[in-house]
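Visitor: okay, here's the prediction I keep looking at, along with the sequence it came from:
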Amino acid sequence: MRNPVLLFTILISTNIIAQKITPIDTTTKPEIFAPGVVSTPFEEVAATFTPDGNTVFFAQGTISMEICYSKKAPGNTWSKPRVISFSGHWGDWDPFLSPDGKKIYFVSNRPLDTTGDNKFKRQTHIWYSSHESGDKWSEPQYIKDSFNLDGVGNYAPTVSRSGNLFFFSPRRDKAGKAKSYYVQQKGDHYGDPQPLLLNGDEEVSDPLIAQDESYIIFVGSNDLYISYRQMDNTWTKGQPLGLAASDGSSIYDPTLSPDGKTLYFTSNRIAGYYKRDPKTLPLDYDGLLKEMNGLFNGKGNIFMVPIHLPAKAS
């Protein structure tokens, strides 16, 4: 039988050590994920992987975002992406696979009732689809709880192993602060949304919950932060991961590889990756086209960087 006092001490010690660990080596430059295949001159967001790491899902588009997927190919490369079976008609984005890979959650402006006016909706809702077989997914269903139907708009859903749902809802706070929330799964429905107080009362977006809910990675002040769950179920103050771009470019949609060793995020950063060569200026039209069709043209790319997260005490 385990000694409860010893276990409590181990958990407290693990939490203290976790807060002192720097998860990201800030001298390591983030790399573009699958350049020319997944990351292109267009906009890509929210890379999420099957449990075996062999298939990646993400959203891509210009006029409208759609959910696509790519499979690992020989030589550690990735295959030409395809649009997932249920996407390609409405705007679908922010995909996230459940830890077991059986459901994919996403945000969409598709109508809740496709037999009605059949128009794009200004409000966004969280939807999910269940994996059937091969590349086939079920017809998407929207979450029918009140927090998803109140017209506020929800984004960037992530799900823990227990089924609890975390998401960004920028217009839900009555004081006007852009905040993130979570809802507990209670059988066939979810509870009421609870705010995630990770940096005091500061704005928090795009929460990525760990599978075991021991930590959470989120966006704040144009950087990624990490908070650790404490014994009383509150969260430690967010620790910046040091991934803010020097030119102030945006950063959003953090996700992790299945083994938890690689952090992915979307950013439209250019500084440190592309700079016009003064010797070739002024650009002629061919040079301008080449620049616009390059990866670093101000559109969002998916980046990846190693991350070192502490093992949870067992």
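Guide: Thanks, I have the structure now.

Visitor: okay, now the unreliable bits of the stretch 1-150 of the chain?
Guide: Across the stretch 1-150 of the chain, residues meeting the criterion (pLDDT under 70) sit at 1-21, 113-122.

Visitor: let me know the helix or strand that Leu309 is in.
Guide: Here Leu309 sits in a region with no helix or strand, counting by DSSP states H and E.

Visitor: and for it, the neighbour number?
Guide: 18 (other Cβ atoms under 10 Å). All C-beta atoms are positioned from the backbone trio N, CA, C, and that covers glycine.

Visitor: measure it to Gly298 for me?
Guide: Counting by Cβ to Cβ, to the nearest Å, the gap between Leu309 and Gly298 amounts to 31 Å.

Visitor: what's the answer for Trp137, then?
Guide: From Trp137 to Gly298 the distance is 32 Å (Cβ to Cβ).

Visitor: again with Val219
Guide: For Val219, the distance to Gly298 - Cβ to Cβ - is 19 Å.

Visitor: pick out whichever of those two has more residues nearby.
Guide: The neighbour comparison of Val219 against Gly298 (other Cβ under 10 Å) goes to Val219, with 25 against 11.

Visitor: helix/strand/coil for that one?
Guide: Following DSSP: H, G, I helix; E, B strand; the rest coil, we place Val219 in the strand state.

Visitor: who's in contact with it?
Guide: By Cβ atoms under 8 Å, 6 or more residues apart in numbering, the contact set of Val219 is Val204, Ser205, Asp206, Tyr225, Ile251, Tyr252, Pro254.

Visitor: what's the helix or strand hosting the third one in contact with?
Guide: Here Asp206 is covered by strand 205-209, with elements defined by DSSP H and E. Where contact means Cβ under 8 Å, 6+ apart, the residues beyond strand 205-209 that reach it are 155-156, 158-160, 164, 166-168, 170, 178, 180, 182, 196, 198, 216-220, 252-256.

Visitor: avg pLDDT for it?
Guide: Averaging pLDDT along strand 205-209 yields 95.

Visitor: distance between that strand and the chain's centre?
Guide: 7 Å (Cα atoms, centre = their mean, to the nearest Å).

Visitor: I'm done for today, thanks for sticking with me.
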